[in-house]
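A.B. asks: Task: produce atomic coordinates for the following.
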Amino acid sequence: MYKVFVNDAPLVLTNKLSETVNGEYFPLNGTAILTAIDALAKKKLETAYIYHPNHEEILKKFTKKIPLDVAAGGVVTNKEGKVLFIYRNDKWDLPKGRLDKGETLEECAIREVAEETGVEGLKIENYLKTTYHVFKRKGKYMLKEVHWYAMKTSYKGKLVGQKSENIEKVKWKGPKKIKKALENSYTNIRSLFEIDNFH
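C.D. replies: I've put the predicted structure just below:
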């Protein structure tokens, strides 16, 4: 099962019919995919499901219609146990960015975090999860696949938001401030802070 977020509404790609109970169901074809995304984007639907019996094929077929844009990012913790957040488009977010040709996902995650925040000395601890959301580029829908990594740093220097990426603020946040920031964030970002990610 894949949960693809359109704004904050889930489009669930599933191979289990039992999972399609309380939302609208769409077949896996180009027209239906776009209809489902539009309905979620316009808040006409809260949840939509796309069913296909073969789990391996779902994402492949979906990305034939909605091109895949691969990215990587980090949940970065400093020595005080605070987490690195960025603020852009009126929301708190985490640093991430597109994969460059010839780069590994880990290299991309470290490079993007450094570029977007000015933080150095980043070390990857472990892979967290992969999230999916739909966005528009030049009027066309794209599927963003973000590979998230837990990172550590002992960096104490200045935080610098990348201007070209419209990052207005970069902040280290402790538990109370994280909770508050997540109230004005995205479902995918909140999912990175669910307890099961921090065993």
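A.B. asks: This protein: strands as residue ranges?
C.D. replies: For the chain, the strands defined by DSSP state E occupy 2-6, 9-14, 24-26, 48-51, 68-77, 83-88, 91-93, 96-98, 123-137, 140-152, 169-173.
A.B. asks: Tell me which of the ones you listed lies nearest to Ser185.
C.D. replies: When the strands of the chain are compared by CB to CB, strand 91-93 sits nearest Ser185, at 4.7 Å. Quick note: C-beta positions are derived from backbone N, CA and C, even for glycine.
A.B. asks: Just the buried residues of that closest one, please?
C.D. replies: 92-93 (16 or more other CB atoms under 10 Å).
A.B. asks: partners of that strand in the sheet?
C.D. replies: Here strand 91-93 has these sheet partners by DSSP bridges: strand 83-88 (antiparallel).
A.B. asks: tell me the contacts of Thr35?
C.D. replies: Phe26 (CB atoms under 8 Å, 6 or more residues apart in numbering).
A.B. asks: Sorry, wrong one. I was asking about Met151.
C.D. replies: Met151 sits next to 74-77, 109-110, 113, 122-125 when contact means CB under 8 Å, 6+ apart.
A.B. asks: repeat that with 6 Å
C.D. replies: 74, 76, 122, 124 (CB atoms under 6 Å, 6 or more residues apart in numbering).
A.B. asks: so which of those is the most crowded?
C.D. replies: When neighbours are counted by other CB atoms under 10 Å, Gly74 leads the contacts of Met151 with 31 neighbours.
A.B. asks: Do I have it right that that one meets Tyr149?
C.D. replies: Yes - using CB atoms under 6 Å, Gly74 is in contact with Tyr149, at 5.2 Å.
A.B. asks: Spit out the residues that contact these two alike.
C.D. replies: With CB under 6 Å, 6+ apart as the test, Gly74 and Tyr149 both reach Ala109.
A.B. asks: Return the helix or strand in this structure with minimum mean pLDDT.
C.D. replies: strand 24-26 (a mean of 88; mean pLDDT, DSSP states H and E).
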